[in-house]
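Trainee: coords below, sequence missing:
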């Protein structure tokens, strides 16, 4: 049986780690390289670094930062933010990233997923989806949650997997920053119907929330940011708790 993964997420702006509540009110939460190394030493399974300035200000994720992260972090890590070409991905993977994450660029140009999967393999292509529940369904949002679309999250995820995405990183905007739990319904719909791993994101507040998303929604991995950055939940304690609850963990 595969182990469930705990993934701290580091949102990066101008080379620093930040965390907003519902995508607004960003607060400084430290140095990404230092934090990443700390999480690795505490037993995090993977890390995700998202450059949240990238799409909006049209900057490229800095390969220099990735090189530094790779030097100090000994667990797999994913990098996202403003990635829109085979060349972008090539630079980041060569700099030391294990996987890359695409979001808006892939939605606007879905054939990008085919190209990336063909060039680098599905195993390092993560499709990030920001979704919001409204009018009775979960819809895809773009540009860091600022632009609504009329496409349903499940439909887009399914198409992306067919094109070669090897993993889905699903963030519920309704839950993000609330600490009231993950969006179990949409996470479950994806993880139970797609044949690739689904990472649940948005809403982690207690250790019990992780049990819920692994057991009830059958997520393969759970991602969180502020609860780790501000030491509200420490990773070793979380993994012990999950193990006690019968969730398969790597130690």
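Mentor: Yep, that arrived. The model shown is predicted, which means the values in this text are computed figures rather than measured ones. Numbering: from 1, shown residues only.
Trainee: following the helix or strand bottoming out on mean pLDDT in the chain, which helix or strand shows up next?
Mentor: Scoring the helices and strands of the chain by mean pLDDT, DSSP states H and E places strand 24-28 at the bottom, with a mean of 51. For strand 24-28, the succeeding helix or strand toward the C-terminus, using DSSP states H and E, is helix 32-42.
Trainee: From the chain's centroid, how far away is that next one?
Mentor: Relative to its parent chain, helix 32-42 has a centroid offset of 16 Å by C-alpha atoms, centre = their mean, to the nearest Å.
Trainee: who's in contact with that helix?
Mentor: 8, 10, 12, 15-17, 29, 47, 49, 65, 68-69, 72-75, 77, 228-229, 234-236 (C-beta atoms under 8 Å, 6 or more residues apart in numbering). Using the backbone N, CA and C atoms, a C-beta is placed for each residue, glycine as well.
Trainee: can you do 6 Å?
Mentor: Helix 32-42 is contacted by residues 8, 10, 12, 17, 47, 68-69, 72-75, 235-236 when judged by C-beta atoms under 6 Å, 6 or more residues apart in numbering.
Trainee: What of stretch 225-241?
Mentor: Counting by C-beta under 6 Å, 6+ apart, 8, 9, 19, 29, 42, 43, 44, 204, 207, 249 sit against stretch 225-241.
Trainee: how about a cut-off of 8 Å?
Mentor: Outside stretch 225-241, the residues touching it (C-beta under 8 Å, 6+ apart) are 6, 8-11, 17, 19, 21, 29-30, 35, 39, 42-44, 177, 179, 204-207, 210-211, 224, 249, 251.
Trainee: you'd agree residue 66 is up against residue 92?
Mentor: Yes. Counting by C-beta atoms under 8 Å, residue 92 is a contact partner of residue 66 at 5.6 Å.
Trainee: Now list whatever residues contact both of these two.
Mentor: residue 79.
Trainee: how many other residues sit next to residue 43?
Mentor: 17 (other C-beta atoms under 10 Å).
Trainee: Need phi/psi at it.
Mentor: phi 110, psi 10 (degrees, to the nearest 10).
Trainee: center of the chain, which residue is that?
Mentor: Closest to where the C-alpha atoms of the chain average out (C-alpha atoms, centre = their mean) is residue 169, at 4.6 Å.
Trainee: Nearest residue to residue 156 in space, ignoring adjacent ones along the chain?
Mentor: residue 140 (5.2 Å; C-beta to C-beta, 6 or more residues apart in numbering).
Trainee: what's the one you found in contact with, if anything?
Mentor: Here residue 140 is in contact with 107, 129, 130, 131, 149, 151, 152, 153, 156 (criterion: C-beta under 8 Å, 6+ apart).
Trainee: what ranges do the helices span in the stretch 101-250 of the chain?
Mentor: 104-108, 111-120, 153-163, 184-193, 207-215, 226-229, 235-244 (DSSP state H, counting those that start in this stretch).
Trainee: Just put those helices in CSV and tack on distance to residue 135.
Mentor: As requested, those are exported to CSV (distance: least, C-beta to C-beta, whole Å):
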stretch, distance to residue 135
helix 104-108, 19
helix 111-120, 27
helix 153-163, 13
helix 184-193, 14
helix 207-215, 24
helix 226-229, 29
helix 235-244, 35
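Trainee: now residue 142, nearest residue through space, not along the chain?
Mentor: residue 104 (4.4 Å).
Trainee: could you measure the one you found against residue 129, distance?
Mentor: 10 Å (C-beta to C-beta, to the nearest Å).
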